[in-house]
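1. just a sequence and a predicted model for now, questions to come.
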Amino acid sequence: MLRLPRFEFRVAGSASEAVAILAGEGPGTRLVAGGTDLWPNMKRRHQSARTVVSLMSIPELQGIVGNGGGEGELRIGATTCLADVAASATVRERYPALARAVDAISSPPLRNMGTLGGNLCLDTRCTYYNQTEEWRRSIDYCMKEAGSVCWVAPSSPRCWAHSASDSAPMLAALGGRVKLVSAAGERVLPVAELFANDGIDYLEKAADELLTEVLLPPESDSRHSKSSFWKLRRRGSIDFAVLSVAAWVRTDAAGVVEEARIYLGAVASAPLAATSAAAALLGEPLGEESIAEAARRARKAATPMDNTDFQVQWRGRMVELYTAAALREIAGLDPGVRAPRHLTVLSS
C-alpha cells in the first residue's frame, strides 16, 4: 500500500486566508482541492509538501454564476466539482463543448471529487515519470524529479512531459480567462497564457498565487459561435488523453469564417495553439477543402513524442483525423471517423 508522507494539513476558510498561508509558509506549501492529482503524486513521491492547504471550505471558490440574464460573462469557481460543471444546464446550453470536455475527464468518482481549477493546474505526465518510486529509481530518475536526463529525448536540455488537462485546451479555444490572487493583489490572464511549454515549469502561475475562478466570455457561447472537443485515449473512461482537439469557430451571417481557434492537448507540455490551422479557415465557408487544409496544418504543428500511450506516428496521424472531425462536426458534416463512446452529443 502506498502511503502519504507526513505533512501539516490546514483548512482555509477564505481565499485571503489561503494566500496568507502561502505567503507566510513559503516553499514547501501546496494547495489541494479535490486531491485527485496531488494525493497520488505524493504517495508515489512525485511531489512533496511540508504543509498542505485545503481549499474546499471556501464558499467564494465554488459555484457557477452568470451575468446579464444568461447572456453575459460566465464565472465558474475554481473548486467547483467537475461533475457539477459537466451537468450544469447553463454550461451545457452556452458552452456545450466545455461540458463535453469536462465530462470526458477520468471517471465518475473522480469527476465527483476533482475540480475545474485542479484540472487546469494538473501536473504534466510522462511514461518515465508516472511510475512507482522503486521503478523510477531502478532506471535512474528523470530530470522532472531528481535526475538530469529526459528519457524521452536524452539529448534535450528540457523536460518533455505532456499536458494532460482536458479542460485547458477547450477553455483556451473558448477564449476563457483565469483570475489569480496572491498577497500582493490579483491579476486576470487568458487561459492560454497560464501555461508554459515546459514539462517541469508548466504553469505561469507563481507559487504564492491561488487560482480562484474561470471566466468565459459571452461572445464564445453557442448563441454567437460553435465549438467542438474530441479526445483520444485507449479506454472510454479513466485514461488520460493521448490527444485532444478543441476547436471554436465564429462565422458571419453568410457562413464565412470570421474567427477561429484550435488547440491541441497531450502533444506538448502545454495546450498547443494550432494558429496556422485556424488561419486556413478564415475568409471561407467552413467546408470540405478548408477543413482538410486546417487538419493538415494541425498535423504539421503537432509534435507528439514517445511519452505516453500508442505509437508516435499513429498519434500524429490522429491529430489530422481528429482535427478534421471536430471541424466537420461544427460544420454539420459527418465527422469522417467514429466518435469515441465517451463523447456526449453536442447540441446544435
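-> Sure thing, it's come through.
2. distance-wise, check L216 relative to L2.
-> L216 sits 37 Å away from L2, going by CB to CB, to the nearest Å. (Each C-beta comes from the backbone N, C-alpha and C, glycine too.)
3. over to E193?
-> 35 Å.
4. looking at the protein, which helix or strand does the model trust least?
-> Across the helices and strands of the chain, mean pLDDT, DSSP states H and E gives its lowest value to helix 133-139, namely a mean of 87.
5. how about that one: buried residues?
-> R136 (16 or more other CB atoms under 10 Å).
6. stretch 195-212 now?
-> For stretch 195-212, burial by neighbour count (16+ other CB under 10 Å) applies to 195, 198-200, 202-203, 205, 208-212.
7. what's the most distant pair in those residues?
-> Greatest spatial distance among the buried residues of stretch 195-212 (CB to CB): G199 and T212, at 25.8 Å.
8. averaged pLDDT, the longest helix seen in the chain. What do you get?
-> In the chain, assigned by DSSP state H, the helix with the most residues is helix 312-331. What helix 312-331 shows for mean pLDDT is 95.
9. then stretch 160-174?
-> Per-residue scores along stretch 160-174 average to 96.
10. can you give me the end-to-end span of that stretch?
-> Distance between the two ends of stretch 160-174: 26 Å, counting by CA to CA, to the nearest Å.
11. residues of that stretch that come out buried?
-> 160-174.
12. cool, and stretch 208-226?
-> Quick answer for stretch 208-226 (16+ other CB under 10 Å): 208-216, 218, 220-222, 225-226.
13. among those residues, which are in strands?
-> Judged by DSSP state E, the buried residues of stretch 208-226 include 210-216, 226 as members of strands.
14. what's the closest of the buried residues of stretch 195-212 to Y128?
-> Nearest to Y128, judged by CB to CB, of these is G199 at 10.7 Å.
15. how near is the residue of the chain most remote from its centre to S225?
-> Here the chain reaches farthest from its C-alpha mean at A254, the gap being 32.9 Å by CA atoms, centre = their mean. To S225, A254 is 15 Å away according to CB to CB.
16. returning to that earlier point: list just the nearest of the ones in strands among the buried residues of stretch 208-226 to T124.
-> Using CB to CB, these come closest to T124 at L211, 16.6 Å.
17. quick revisit: what is the longest helix of the chain packed up against?
-> On a contact count with 3 or more CB pairs under 8 Å, 6 or more residues apart in numbering; DSSP states H and E, helix 312-331 meets strand 226-232, strand 243-251, strand 257-265, helix 288-301.
18. surely T51 is in contact with T29?
-> Yes: contact criterion CB atoms under 8 Å: T51 and T29 qualify, at 4.6 Å.
19. show the pLDDT at G68.
-> 53.
20. which one is V256 nearest to, not counting chain neighbours?
-> The shortest distance from V256 to any non-neighbouring residue, by CB to CB, 6 or more residues apart in numbering, is to P285 (5.8 Å).
21. what's the neighbour count on that neighbour?
-> For P285, the count of nearby residues is 15 (other CB atoms under 10 Å).
22. low pLDDT regions in the chain?
-> 67-70, 341-345, 347-348 (pLDDT under 70).
23. tally of neighbours for the residue nearest to T308 when sequence neighbours are not counted?
-> Distance criterion CB to CB, 6+ apart; nearest residue to T308, sequence neighbours excluded, is V242 at 5.1 Å. For V242, the neighbour count with other CB under 10 Å is 22.
24. how much space separates V242 from L321?
-> Relative to L321, V242 is positioned 13 Å away (CB to CB).
25. ok, now P217?
-> 30 Å.
26. surely V149 and I139 touch.
-> No: between V149 and I139 there is no contact, the gap being 10.0 Å when judged by CB under 8 Å.
27. the more surrounded of T51 and T29?
-> T29 (21 against 17).
28. my guess is the more buried one meets V19, correct?
-> No: applying CB under 8 Å as the test, T29 and V19 come out as separate, 10.8 Å apart.
29. residue contacts, E25?
-> Counting by CB atoms under 8 Å, 6 or more residues apart in numbering, E25 makes contact with 50-51.
30. thinking again about what came up before, pick the one among the buried residues of stretch 195-212 closest to V11.
-> The shortest gap between V11 and any of the buried residues of stretch 195-212 belongs to L210, at 14.4 Å (CB to CB).
31. residues in contact with the closest one?
-> Taking CB under 8 Å, 6+ apart, one finds 15, 18-19, 22, 31, 55, 78, 180-182 in contact with L210.
32. how about 7 Å then?
-> Listed by CB atoms under 7 Å, 6 or more residues apart in numbering, the contact partners of L210 are 15, 18-19, 22, 31, 180-182.
33. I'd like to know how far the nearest residue to S156 once chain neighbours are set aside sits from K205.
-> In this structure, S156 finds its nearest non-sequential neighbour in C150, 5.2 Å apart by CB to CB, 6+ apart. Distance, C150 to K205, by CB to CB: 23 Å.
34. same deal with S14?
-> Distance from S14 to K205, by CB to CB: 19 Å.
35. and stretch 186-196, C-alpha only, in CSV?
-> Only the C-alpha atoms of stretch 186-196 are listed here, as CSV (Å, rounded to 0.1, in the frame of the first residue of the first chain):
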residue,chain,number,x,y,z
GLU,A,186,-4.8,39.9,-8.2
ARG,A,187,-4.5,39.6,-11.9
VAL,A,188,-6.5,38.1,-14.8
LEU,A,189,-4.9,36.4,-17.8
PRO,A,190,-6.1,34.3,-20.7
VAL,A,191,-6.2,30.6,-20.1
ALA,A,192,-3.8,30.1,-23.0
GLU,A,193,-1.2,32.3,-21.1
LEU,A,194,-1.5,30.2,-17.9
PHE,A,195,0.8,27.5,-19.4
ALA,A,196,4.4,27.3,-20.4
